[in-house]
Each structure stands twice: as C-alpha cells, then as structure tokens.
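Colleague: Sequence and predicted structure, then a few things I'm wondering about:
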Amino acid sequence: MGGTVMSPDLRGAMRNFATGVCVATTYADNEGNRRHDAVTLNSLSSVSLDPPLVSLSLHRDSQFLGDLLETKKWAISILDSDAESVARQLAKGRGDRAEVVAGLAANPGPATGALILDAQSGIECVLCDSFDLGDHTMVIGEVVSTGIRDLQPPLLFLHGKFQQLAGATSKES
C-alpha cells in the first residue's frame, strides 16, 4: 500500500467537544518583586479525588509554563458565562496579558500566593509531577485549597468559540 497517510485532524475533531474555560495563574519572584501571570485554558482535568489531583496541558515553549515549573505553584479560576471578556484578554500573548493581569479582580491565594480571580470556583495547586507529551507539557498538581461561590452558568468553549449554557445553575444534592 504505497499511499501517503493523511494526518488526523485532531483540532477539527476536538471542536465538537465542549470544555469548560478557566484561567490559570502563577508568578515569578525576581529580586523581591513578584510578577503575576495568567492565561486562559480549557485543558483542566480532574485526575484523582484521593489524593486530590488536577492536570493542565501547556505548550512546551510557554513562558507561563516556565514560571509555573520554577515556582511549583499555581491557581485555577473556573470561569462563569460573564467572564468571556477576561477569557479573551488572557488568551493573548504574555506581553498583551500583563496589563490585564494587573487590573484583574483577584487576590493571592492563601496556600500558594497565586492569584485567584473572582470566579465561580478557585483551586490552588502545588506541583506533583510533569510530563513532556508531544508539543505540550502536562503538569499534575496536588490540590491544596479550593473555594466555591454561587453556581452560575459556566463559560464553555465549543466549535472554536466561547459559548454560554443558559439555565446551567444547579443545586447540590
């Protein structure tokens, strides 16, 4: 069989998989100065409940990843549908994000010092492990703190666009 093998269109296939949208934050300390950074992601995954572990996948040449691997600490803010503009602004390059990060409605988390946005859920993590996989690095974090505020409809990413799920509020059972 002498034909060329066509590369699978993974990006096209994954456009049909709805994901939640979150902002990951970390920082770098340099000569007594702390520089926070934040980036929009949809690669958050729960790995284990006992012990509590989550994962993120970040592009291997990301400066954000470099800072995270250096500090070994980060926070995740799970966004609700009102946060689309923040998600868009933090999906840009690091230089474009700096001004946005400085103006975020956020506070340093008590367990890690990484910023936690005023979002529906916040998770603080410390690095447990990391793996280079393809063009990304997967980081596994042990969850050291969580916070949950009112459950609002989540911000989703589907078909290459941010989406809102109307009526998605739920009550705990």
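Modeller: Ah, there it is. Numbering: from 1, shown residues only.
Colleague: which parts of stretch 43-55 are buried?
Modeller: Neighbour-count burial for stretch 43-55 flags Leu44, Leu53, Val54, Ser55 (criterion: 16 or more other Cβ atoms under 10 Å). Quick note: C-beta positions are derived from backbone N, CA and C, even for glycine.
Colleague: got a list of what the third one touches?
Modeller: Translated: Val54. Counting by Cβ atoms under 8 Å, 6 or more residues apart in numbering, Val54 touches Leu44, Ser45, Ser46, Val47, Ile76, Ile123, Cys125, Ile140, Gly141, Val143.
Colleague: now the strands: where do they sit in the chain?
Modeller: Here the chain has its strands, by DSSP state E, at 19-20, 22-30, 33-41, 45-49, 52-59, 73-78, 106-108, 115-117, 121-133, 136-148, 155-158, 161-164.
Colleague: Distance to Leu90 and mean pLDDT added to the ones you listed, as TSV?
Modeller: As requested, these are arranged in TSV below (distance: least, Cβ to Cβ, whole Å; pLDDT from 0 to 100):
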stretch	distance to Leu90	mean pLDDT
strand 19-20	15	80
strand 22-30	6	95
strand 33-41	4	95
strand 45-49	19	95
strand 52-59	13	96
strand 73-78	10	96
strand 106-108	11	94
strand 115-117	9	94
strand 121-133	15	96
strand 136-148	18	96
strand 155-158	12	78
strand 161-164	12	78
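Colleague: Quick check: bridge partners of Ala75?
Modeller: Beta-bridge pairing for Ala75 (DSSP bridges): Thr25, Glu124.
Colleague: quick one: contacts for it?
Modeller: Ala24, Thr25, Thr26, Gly109, Thr112, Ala114, Leu115, Ile116, Gly122, Ile123, Glu124, Cys125.
Colleague: repeat that for 10 Å
Modeller: Contact partners of Ala75, counting by Cβ atoms under 10 Å, 6 or more residues apart in numbering, are 22-27, 36, 38, 106, 108-109, 111-117, 122-125, 141, 144-145, 147.
Colleague: What of Ser43?
Modeller: Residues near Ser43 by Cβ under 10 Å, 6+ apart: Thr19, Cys22, Ala24, Ser55, Leu56, Ser57, Leu58, His136, Met138, Val139.
Colleague: Nearest to His159 among the contacts of Val54?
Modeller: His159 lies nearest to Leu44 out of those, by Cβ to Cβ, at 19.3 Å.
Colleague: measure that closest one to Asp67 for me?
Modeller: 18 Å (Cβ to Cβ, to the nearest Å).
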